[in-house]
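Participant: sequence unknown, structure follows:
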């Protein structure tokens, strides 16, 4: 994370860098002209309270979705992200709210099923490469609370289906075979022989709409059927390509005996209850790996198929197909009013026009993992597994930026100039990110771990660090520093202040230069032994009012006064690891720190600390980094692991906040 600090007149900006996954960035200057102070005045008026505004998700939204289900009775939707998080919408997907889910860090949600006579009863099937968290989960309050179903503890649950005429009758497909419930999931019994490996795993299941004892199961060993609740099973693969992994089986809602089946070899149809199957060739795309098949409950001839090549639609019962979405589709749902919902690798989509057009519905939904948050002027940047993204204003949309694999972007003192790092390459843009050209850095073949741009607009200087050393570019020429303060250690941080001091840091060591790298100084710790063992430096911020330096470490917060020559320890609650520090852009001496699930604040430059209210953040939230925007100084942003960016409105006067723990002061050891 990078945040520009408060600026002094006639000096280049103070800058800071926050470490995330070994990548550190220094940002200087501005990306765009900062907004006026009107937003701050509005936020200040709104924040005149003794409590903080609730923390709210700020995006970037979207990302991979694995499963979606629509209530057959209302506008309620439940969706699972690719990283196992659960979300709920009560307004057709216009807004998503996160749900607590005990297995989210370990889960691969395979199936979601509404059961019972209302929308509150929901079952979820979970698999994972490891046993932790796998099984079936049940909620009776619409997803606010979940419990693990004991019969499936430790079992991989792949598929769930309810009989249309009595939704208390449910079949579950697992890695250990098939199970049946007749009471809405209150109790279960095995209906496949425990030793019959041909029925393991059962990755798709379906009932015959007319016969409650007739159940279909799809496996990596083709489809199977029982007509007597599992007393006996028959392989029903006539007409299918051998070794077809069966991903889904779905009955027609209007034609007895008509079923559709999706497999790795395409789409199949039977008109005699599975006795024979016919491969459908109406669309070449439909022959790709087909994850899900769904006859539309509102139209007997309309069929939907989610494939790796996009969403396919048939209007004649599967004879012909057309592509209506290019995105790979993992899961589909059709609600009671005919709206179509698609869970794709890039987010959620909805059609209100029977597939003629689709629109994204990702507000509040988070299916991507973000690794870094940084800010410049009125812009936020996020780097993650979906690529780097930027938001140019607090209420604006997030947009992907190029280079697509950029993990950090910094601004130069030269207006409109940006520098980006993507692996072992640096890129520069002279027009605010419209066009990029590569910068060759002689002597390095390793991934860049820190970048900074210092100096004036007339003479910007790029500093870059990798495992090959520390490099600088002045007047268009690169040179490698023969010696620096961290010889032999990987530089993870580069930082500068308004006086021209340059700080570089590894995990274990910090050095500061006052002469552009010609010489380096080190400062001892006030507490012996912390330089060794498991002590690590995490983040740094220069105080814009007195040039002191605040550091986040694995052992709490440390302070280096401008007049002193040693680091002194401060302590927040419990003295645990602190991952990030950032100064308020308008209020001198106000500094924030992230400590696991808590955000701390200090009004005396980091000497004493209190915690901010955390309403809106999950109890398990792990805050990775913090930042502020100079154009919106009344708001604090936090990157929460696996959950994205959150923000809260800050009060103009921190003294009005009711203390929620005793302030802790500077340790003078």
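Facilitator: Yep, that arrived. Every value quoted in this text rests on a predicted model; they were computed, and no experiment measured them. Residues are numbered from 1 along each chain as shown.
Participant: ok, residue 177 touching residue 197?
Facilitator: No - using CB atoms under 8 Å as the test, residue 177 is too far from residue 197 to be in contact (9.2 Å). To be clear about C-beta, it is placed using only N, CA and C from the backbone, and glycine gets the same treatment.
Participant: who has more neighbours out of those two?
Facilitator: residue 177 (25 against 11; other CB atoms under 10 Å).
Participant: which strand residues bridge the more buried one?
Facilitator: residue 174 (DSSP bridges).
Participant: contact partners for it?
Facilitator: Residues near residue 177 by CB atoms under 8 Å, 6 or more residues apart in numbering: 190, 191, 192, 193, 194, 196, 199, 200, 202.
Participant: same check, this time on residue 183
Facilitator: residue 168.
Participant: scan the contacts of residue 177 and report the most crowded one.
Facilitator: That'd be residue 202 among the contacts of residue 177, by other CB under 10 Å, with 28 neighbours.
Participant: SS state for that residue?
Facilitator: State at residue 202, reduced to three classes by DSSP: H, G, I helix; E, B strand; the rest coil: coil.
Participant: part of a helix, is residue 151?
Facilitator: Yes - Residue 151 forms part of a helix when assessed by three-state DSSP.
Participant: what pLDDT is listed against residue 572?
Facilitator: For residue 572, the pLDDT comes out at 61.
Participant: of the contacts of residue 177, closest to residue 227?
Facilitator: Lowest distance from residue 227 to the contacts of residue 177 (CB to CB) belongs to residue 191, with 12.0 Å.
Participant: and the residue lying closest to residue 519 once chain neighbours are set aside, what's its pLDDT?
Facilitator: Once flanking residues are discounted, residue 519 sits nearest to residue 513: 6.3 Å by CB to CB, 6 or more residues apart in numbering. Per-residue pLDDT puts residue 513 at 91.
Participant: my read: residue 513 touches residue 500, true?
Facilitator: No - between residue 513 and residue 500 there is no contact under CB under 8 Å: 9.1 Å.
Participant: between these two, which is the more surrounded one?
Facilitator: residue 513 (19 against 14).
Participant: which strand residues bridge residue 109?
Facilitator: Residues in beta-bridge contact with residue 109 (DSSP bridges): residue 126.
Participant: residues contacting it?
Facilitator: So residue 109 contacts 66, 67, 80, 84, 86, 124, 125, 126 (CB under 8 Å, 6+ apart).
Participant: relative to residue 248, how far out is it?
Facilitator: 15 Å (CB to CB, to the nearest Å).
Participant: pull the helix or strand with minimum mean pLDDT from the protein.
Facilitator: strand 2-4 (a mean of 31; mean pLDDT, DSSP states H and E).
Participant: these two touch, right, residue 97 and residue 87?
Facilitator: Yes - Residue 97 is in contact with residue 87 according to CB under 8 Å; the separation is 6.5 Å.
Participant: overlap in contacts, those two.
Facilitator: Joint contacts of residue 97 and residue 87 (CB under 8 Å, 6+ apart) are residue 364.
Participant: looking at the two, which is more packed in?
Facilitator: When residue 97 and residue 87 are compared for neighbours, residue 87 comes out ahead with 24 against 13, by other CB under 10 Å.
Participant: what's near enough to touch that one?
Facilitator: Residue 87 neighbours (CB under 8 Å, 6+ apart): 78, 79, 80, 81, 96, 97, 98, 99, 364, 365, 366.
Participant: tell me which element it falls in.
Facilitator: Per DSSP states H and E: residue 87 is located in strand 86-89.
Participant: how about residue 515?
Facilitator: Here residue 515 is assigned to no helix or strand, by DSSP H and E.
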